[in-house]
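could you work out the structure for the sequence below:
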Amino acid sequence: MSLDLQGYSVNVCETCSSGLLKARAEHCDLILLDINLPDGDGFALCREIRLREANLPILMLTANVSEESAVRGIDCGADDYIRKPFGLLELSAKIRRMMDKRQSKQLTYGMLRVDCEKHVAWVGDCELALGKREFGILASLIARAGAVLTRQEILDAAGQDAEIYDRTIDSHLSHLRKKLKSAGANEQIVPIYGIGYRLALP
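Sure thing, here's the model as predicted:
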């Protein structure tokens, strides 16, 4: 498709079920989601994806020109919508804007907030005292809140070499959990046996 020619790597799913499986199995930077799908509607799929990926940009495609349809998409967790028919320039502009927004300096999830430029994290209004590696891990977990990060991805976020420092990841996570709990955070870092960790609400 035309987005491939602009340098994007595009995966196409034609049903809700295949789209959900793809979203669960693979990391992606943005989802273009049609409302009308053969086995369901995009609104329900949007809600399901949003439960697992708090910060993943979702752009809904709709042929329905009603304001109610657009508002419903936003209420389901979409970040923006584009009405059919649309031009490639308009679509590309929206994608760029949403990607830039995702790479913005602040990330939030529930009570948690991090400022990646200032290197500061909060639980509500309570500022956390985090080391460099703890901050990197927390920011990475918030950016993909609800999704599972592998131990290698945690290592990358901490800026450590896997061969030397893998044994210290559990220590970093333990300290981070204690600091979040002490600050009153509801969010939890949940171990997924044999895979890695995810940030989730209890």
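
looking at this structure, which helix or strand is least sure?
Ranked by mean pLDDT, DSSP states H and E, the weakest helix or strand in the chain is helix 162-165, scoring a mean of 49.

continuing past it, what's the next helix or strand?
For helix 162-165, the following helix or strand on the C-terminal side (DSSP states H and E) is helix 169-182.

who are the packing partners of that following helix?
helix 132-143, helix 151-158, strand 188-192 (3 or more C-beta pairs under 8 Å, 6 or more residues apart in numbering; DSSP states H and E). All C-beta atoms are positioned from the backbone trio N, CA, C, and that covers glycine.

can you give me the buried ones in it?
Across helix 169-182, burial judged by 16 or more other C-beta atoms under 10 Å covers 169, 172, 173, 176, 179, 180.

quick one: contacts of that helix?
Residues outside helix 169-182 that contact it (C-beta atoms under 8 Å, 6 or more residues apart in numbering): 112, 123, 128-131, 133-134, 137-138, 151, 154-155, 158, 160, 187-189, 197.

just the buried members of those?
With neighbours counted using 16+ other C-beta under 10 Å, the contacts of helix 169-182 contain these buried positions: 112, 123, 128, 130, 133-134, 137-138, 154-155, 158, 160, 187, 189, 197.

looking at the residues you listed, which one is closest to residue 147?
For the buried ones among the contacts of helix 169-182, the minimum distance to residue 147 (C-beta to C-beta) is 10.2 Å, reached by residue 197.

so the helix or strand where the closest one lies versus helix 132-143, what angle?
Using DSSP H and E, residue 197 sits in strand 196-200. Between strand 196-200 and helix 132-143, the angle comes out at 60 degrees (axes from the mean of the first three to the mean of the last three C-alpha atoms, to 10 degrees).
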